[in-house]
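**Q** A structural model of the following input is requested.
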Amino acid sequence: MQLDILTPEQNIYSGEVYGVQLPGIEGSFEILDKHAPLIASLGKGSMKILKDKNTTELYEITGGFVEVLNNKASVLIEGAKALG
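**A** Have a look, this model is predicted:
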């Protein structure tokens, strides 16, 4: 699945991933390869990029939106800070 993560200031991540875990406004959820189309609001919390089954990147985000369409996830967030 193609993942693009953007803030107003910069492109945080762009590339192929296994999945991504996101903090929704009503709870955390995960998007994996071949996910159904989706648009969701994001709250403040942790975002985990699953590059493959053994490699991850963790960010603290401050809210935004995610759109999933045609095996591509676009995450538009207000800000992000890398953790770890």
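**Q** need the strands for the protein, in chain order.
**A** 2-6, 11-16, 19-24, 27-32, 38-50, 56-69, 72-77, 80-83 (DSSP state E).
**Q** So, low pLDDT: which residues of this structure?
**A** 84 (pLDDT under 70).
**Q** go again using 90 as the cut-off
**A** Scanning the chain for pLDDT under 90 picks out 52-53, 84.
**Q** TSV for the strands of the chain, including mean neighbour count?
**A** In this view, the C-beta of every residue, glycine as well, is placed from N, C-alpha and C. Shown next, in TSV, are those (neighbours: other CB atoms under 10 Å):
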stretch	mean neighbour count
strand 2-6	18
strand 11-16	13
strand 19-24	20
strand 27-32	14
strand 38-50	16
strand 56-69	17
strand 72-77	18
strand 80-83	12
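**Q** Show me what the nearest residue to I12 once chain neighbours are set aside is bridged to.
**A** Distances taken as CB to CB, 6 or more residues apart in numbering put I5 closest to I12, at 4.1 Å, once the chain neighbours are dropped. The bridge-partner assignment for I5, based on DSSP bridges, gives Y13, V75.
**Q** List the residues that contact I5.
**A** With contact set as CB atoms under 8 Å, 6 or more residues apart in numbering, I5 has these partners: N11, I12, Y13, S14, M47, I49, V75, I77, A80.
**Q** Check L42 too.
**A** Applying CB under 8 Å, 6+ apart, the residues near L42 are L22, P23, G24, I25, I61, G63, G64, F65, V66, V75, I77.
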